[in-house]
Structure formats: structure tokens, C-alpha cells
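> Sequence first, predicted model second:
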Amino acid sequence: MTPFFTMSLLFGLTFGQTASLCAPSEYIIHVEKRECAYCLAINTTICAGFCMTRDSNGKKLLLKSALSQNVCTYKEMFYQTALIPGCPHHTIPYYSYPVAVSCKCGKCNTDYSDCVHEKVRTNYCTKPQKLCNM
């Protein structure tokens, strides 16, 4: 092997382990309540991207805690609240949602993240849509 190829390979392996493509990403959440007249489209940021992970060949020899894989999850976040328009007086018209400030690769925390691979319902509106820019 040439010295350039060897250095490129070592750099790629080192940098590939530390650099992930996990970062805040723009996302639109569609929120509606049965009682309200409109669907609210909310612009926010979520954590999305690729995290380096490995699948061990010795699964039967390791503890289950050693088998968990990293996901792109929140490092810093805050909650924002939006008002859903067209709701009757007896309905609570507020919806709170997370806004990602920064992200990290780590174990999925079900206290504030959806750790399921795919959702059953797609993100869309069935009622007339209003846009919420926060």
C-alpha cells in the first residue's frame, strides 16, 4: 500500500467514528383536534440523521445493555406551545412540541423521543390548514 492510501484509510476510519450526520433538521408537524376547525402546520426542528453503530456477532455472549444501538436524539431542546385555530370554547386549543437546539448520537430515551422505526400514521392534515411560524 502506498503511504497516501494508508493515511487516507486511517483518517477515514478515525473521522468516520467521530463525525456523524446527526443534527437539527427543519420539520413540519401537522396537528389537528377533532373538535377544531383547522389543522395547524408547525415549522420546528427535530433531531435527524445518521449515527455510527455496530451489530455484534457475539449477541448471545453480551449483556442486553451492550447491544443497544445509538440513535440521533436531543442533546438540548425546549418546548414551544402553539394555539390551534377554530376550536370551540370547551376545547383546550394548545399544543406543545419539542424544538431541537442541538443533537447527539446516544441511546433513545422514551421519556421525550419516539423510538419506533416507523409511525403508523403519516404526517398530514385532513382539515383546512393554517401555518404556524414560531
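Structure's in. What do you need? Numbering: from 1, shown residues only.

> For the chain, which segments count as helices?
3-18 (DSSP state H).

> Could you pull out the strands in it for me?
23-32, 39-48, 71-83, 94-106, 129-132 (DSSP state E).

> Name the stretch among these that sits most buried.
Highest mean neighbour count among those (mean count of other Cβ atoms under 10 Å): strand 39-48, with a mean of 19. C-beta coordinates here come from the backbone N, C-alpha and C atoms, glycine included.

> wait, doesn't residue 47 sit right on residue 76?
No. Taking contacts as Cβ atoms under 8 Å, residue 47 lies outside contact range of residue 76: 10.1 Å.

> Overlap of the contact sets of the two?
Common neighbours of residue 47 and residue 76, counting by Cβ atoms under 8 Å, 6 or more residues apart in numbering, are residue 100.

> want to try JSON lines for the strands of the chain, with mean pLDDT as columns?
Listed next are the strands of the chain as JSON lines, based on pLDDT from 0 to 100:
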{"stretch": "strand 23-32", "mean pLDDT": "91"}
{"stretch": "strand 39-48", "mean pLDDT": "91"}
{"stretch": "strand 71-83", "mean pLDDT": "92"}
{"stretch": "strand 94-106", "mean pLDDT": "93"}
{"stretch": "strand 129-132", "mean pLDDT": "69"}
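
> Contacts only, for residue 76.
Neighbours of residue 76 in contact, by Cβ under 8 Å, 6+ apart: 100, 101, 102.

> same check, this time on residue 109
residue 73.

> Skipping its backbone neighbours, what lies nearest residue 39 in space?
Nearest residue to residue 39, sequence neighbours excluded (Cβ to Cβ, 6 or more residues apart in numbering): residue 125, at 3.4 Å.

> Now do that neighbour against residue 98, distance only.
20 Å (Cβ to Cβ, to the nearest Å).

> what's the answer for residue 90, then?
Taking Cβ to Cβ, one finds residue 90 at 27 Å from residue 98.
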